[in-house]
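> When you get a sec, could you give me coordinates for this:
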Amino acid sequence: MSATWKRSGESFVEKYVFPDGELVPINTTLRAAESCGFEVEDVENLRRHYEITLRHWSNRLQANAEEARRLTDDATYRTWRIYMAGSAHGFRVAG
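Take a look at the predicted model:
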C-alpha cells in the first residue's frame, strides 16, 4: 500500500529559495530563439550532471560557512544548504 499526499501551498523552494521563480518550458525557449533568427543545432539534458554540480556547490558553501554567514545570516546559509543537499539527492534518486 502506498501513501499518497497532496502538497498544499508553496513548496520549500518556491517559498524560501526561488520565490516568484519559474522555469520556462524548453519548447517555449526554442520557439523564441528560432523566432529571433537563432538556429538550434543541439539540445542536451544536463540533469545527470546537476547532482555533481550541486554537490560541488554544497561542499564549497560548507567550506566557506563563516564567510557565507557573515554576508547573509544563519537562516539563509541553512536554507541553501538544505536546498542544495535535497536537490542533489533528488537528482541522484531520480536517475
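
> which other residues reach the longest helix seen in the chain?
Using DSSP state H, we find that the single longest helix of the chain is helix 74-94. Contacts with helix 74-94, where a contact means Cβ atoms under 8 Å, 6 or more residues apart in numbering, come from 12-13, 16-17, 47-48, 50-51, 54-55, 57-58, 61-62, 65, 68-69. The C-beta positions use only the backbone N, C-alpha and C, and glycine is treated the same way.

> Of those residues, select the buried ones using a PyMOL command.
The buried residues among these can be selected in PyMOL (16 or more other Cβ atoms under 10 Å) with this line:
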select buried, resi 16+17+51+54+55+58+61+68
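
> So which of the contacts of helix 74-94 are in helices?
12, 47-48, 50-51, 54-55, 57-58, 61-62, 65, 68-69.

> Model confidence for Leu30, exactly?
With respect to pLDDT, Leu30 scores 94.

> and it, what does it touch?
Going by Cβ under 8 Å, 6+ apart, Leu30 touches Val40, Val43.

> could you say which helix or strand contains it?
If you go by DSSP states H and E, Leu30 is part of helix 26-35.

> Which pLDDT value belongs to the residue lying closest to Val17 once chain neighbours are set aside?
Excluding the flanking residues, the one nearest Val17 by Cβ to Cβ, 6 or more residues apart in numbering is Tyr83, at 4.8 Å. In the prediction, the pLDDT value recorded for Tyr83 is 90.

> repeat for Asn27
pLDDT for Asn27: 93.

> now do Ala75
pLDDT for Ala75: 94.

> how near is it to Gly86?
Noted for Ala75: a distance of 16 Å to Gly86, by Cβ to Cβ, to the nearest Å.
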